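Asks: below are the sequence and a predicted model for it; my questions follow.
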Number of protein chains: 2
Amino acid sequence: MTTTPNELVLDRILNAPRAALWRCWTEPKLLEQWFCPKPWYVTDAVLDLRPGGAFSTVMHGPEGEEFPNNGVVLEVVPGEKLVTTDAFLPGWIPSGRPFMVAQVTFEDAGDGKTHYVAKAMHWTAEAKAEHEAMGFHDGWGAAADQLEALAKSL
Amino acid sequence: MTTTPNELVLDRILNAPRAALWRCWTEPKLLEQWFCPKPWYVTDAVLDLRPGGAFSTVMHGPEGEEFPNNGVVLEVVPGEKLVTTDAFLPGWIPSGRPFMVAQVTFEDAGDGKTHYVAKAMHWTAEAKAEHEAMGFHDGWGAAADQLEALAKSL
């Protein structure tokens, strides 16, 4: 895979089958169950699986914080790859400050396990540093643990 | 169509059939013949017609100026719609300063004519103003004249 200077990467072998992980990523009611590290949680997930389709969630914090996230799908390879970004609203409308592209890929790793790579690719070094300071590694890591547990339970 | 505050629009009835206009937009050797208002011209057009595929050209000016433009395809609806942007390089790598999304749509308008709408949608009001000052309306208008003439000749 290409490496870019402004990317952050989570690279894991997850103990769950690829098809179940794909479902957890692409079915809104499943996505809501793992997408945010607890005690934070997500509601109102919308995922229109086509280039330009909506990808939005609302994140909620334990103190009543509420953060809507609105973006679009860039690319879908069923069961293998999903790419999204906050740089557009549906209709390819450029939105606010483009922060990142999120790309997840899934590969069979044998024994019902999956090689899972989640990349956050940023437009600037500042955005990458900001994301790292916000806790990218812990946050995406904890979410991946939740994803793995949910996928195994399906 | 949705209107965004930072968009510039060229809306024309072109006296050429939709299929011929589509070919002029999507076949690199045809694209090179009309894409830039003369005496400027384009070489090295690359167009990989799928989400995330390369869309690049090199623009040349009469004084030897040379401007490479590198971007990607966002969406393709054959014969109807093509959306590209300079915000990424292939691989969805966020690139430099995201300037705009270019969306062109083609609709049959009867009598072998086509309703052609070309939109430039920008991330900021500054980028839109800059594009307008660079001569968006004259430039895209002159290119559309060249496009129409080439498509009629096919």
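Replies: That came in fine, so what should we check first?
Asks: specify the beta-bridge partners of A:E7.
Replies: Beta-bridge pairing for A:E7 (DSSP bridges): A:M121.
Asks: next up, the contacts around it.
Replies: Neighbouring residues of A:E7 by Cβ atoms under 8 Å, 6 or more residues apart in numbering or on different chains: A:119-122, A:128. In short, each C-beta sits where N, CA and C put it, glycine included.
Asks: look up phi and psi at the residue lying farthest from the centre of chain A.
Replies: Computed with Cα atoms, centre = their mean, the residue of chain A farthest from its C-alpha average is A:D111, at 24.4 Å. Here is the backbone geometry of A:D111 (degrees, to the nearest 10): phi 50, psi 30.
Asks: circling back to that earlier point, most neighbours out of the contacts of A:E7, which is it?
Replies: A:M121 (25 neighbours; other Cβ atoms under 10 Å in any protein chain shown).
Asks: next, give phi and psi for the residue positioned nearest the centre of chain A.
Replies: Geometric centre of chain A, nearest residue: A:A102, 6.0 Å, by Cα atoms, centre = their mean. Backbone torsions for A:A102, taken as degrees, to the nearest 10, come to phi -110, psi 120.
Asks: before we move on, back to that, could you save the contacts of A:E7 as JSON lines and add columns showing distance to B:P94 and pLDDT?
Replies: Below are these laid out as JSON lines (distance: Cβ to Cβ, whole Å; pLDDT from 0 to 100):
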{"residue": "A:K119", "distance to B:P94": "11", "pLDDT": "97"}
{"residue": "A:A120", "distance to B:P94": "10", "pLDDT": "97"}
{"residue": "A:M121", "distance to B:P94": "5", "pLDDT": "97"}
{"residue": "A:H122", "distance to B:P94": "6", "pLDDT": "96"}
{"residue": "A:K128", "distance to B:P94": "10", "pLDDT": "95"}
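Asks: so A:T43 lies in a strand, does it not?
Replies: Yes - checked against DSSP: H, G, I helix; E, B strand; the rest coil, A:T43 lies within a strand.
Asks: for it, what are its contacts?
Replies: With Cβ under 8 Å, 6+ apart, A:T43 has these contacts: A:32, A:57-58, A:60.
Asks: so A:P68 bridges to which residues?
Replies: In this entry, A:P68 is beta-bridged to A:V58, by DSSP bridges.
Asks: isn't A:L150 up against A:W34?
Replies: Yes - at 4.9 Å, A:L150 counts as touching A:W34 under the criterion of Cβ atoms under 8 Å.
Asks: list residues touching both of these two?
Replies: Residues touching both A:L150 and A:W34 by Cβ under 8 Å, 6+ apart: A:C24.
Asks: looking at the two, which has the bigger crowd around it?
Replies: Neighbours were counted for A:L150 and for A:W34 using other Cβ under 10 Å; A:W34 has more, 22 against 18.
Asks: nearest residue to the more buried one other than its sequence neighbours?
Replies: A:Q146 (3.8 Å; Cβ to Cβ, 6 or more residues apart in numbering or on different chains).
Asks: cool, and A:P37?
Replies: Nearest to A:P37 is A:A142, by Cβ to Cβ, 6+ apart, at 3.7 Å.
Asks: tell me which element that neighbour falls in.
Replies: Assigned by DSSP states H and E, A:A142 belongs to helix A:136-153.
Asks: residue contacts, the residue lying closest to A:M59 once chain neighbours are set aside?
Replies: Once flanking residues are discounted, A:M59 sits nearest to A:F67: 4.4 Å by Cβ to Cβ, 6+ apart. Going by Cβ under 8 Å, 6+ apart, A:F67 touches A:58-61.
Asks: likewise for A:W123?
Replies: Contacts of A:W123 by Cβ under 8 Å, 6+ apart are A:6, A:98-100, B:87, B:94-95, B:98.
Asks: swap the cut-off to 7 Å and go again
Replies: A:6, A:98, B:94, B:98 (Cβ atoms under 7 Å, 6 or more residues apart in numbering or on different chains).
Asks: before we move on, what about A:D48?
Replies: For A:D48, the contact set (Cβ under 7 Å, 6+ apart) comprises A:54, A:73.
Asks: again, only using 10 Å
Replies: Listed by Cβ atoms under 10 Å, 6 or more residues apart in numbering or on different chains, the contact set of A:D48 reads A:54-56, A:72-73, A:76, A:90.
Asks: taking the residues you listed together, which two end up most distant?
Replies: A:S56 and A:V76 (16.0 Å; Cβ to Cβ).
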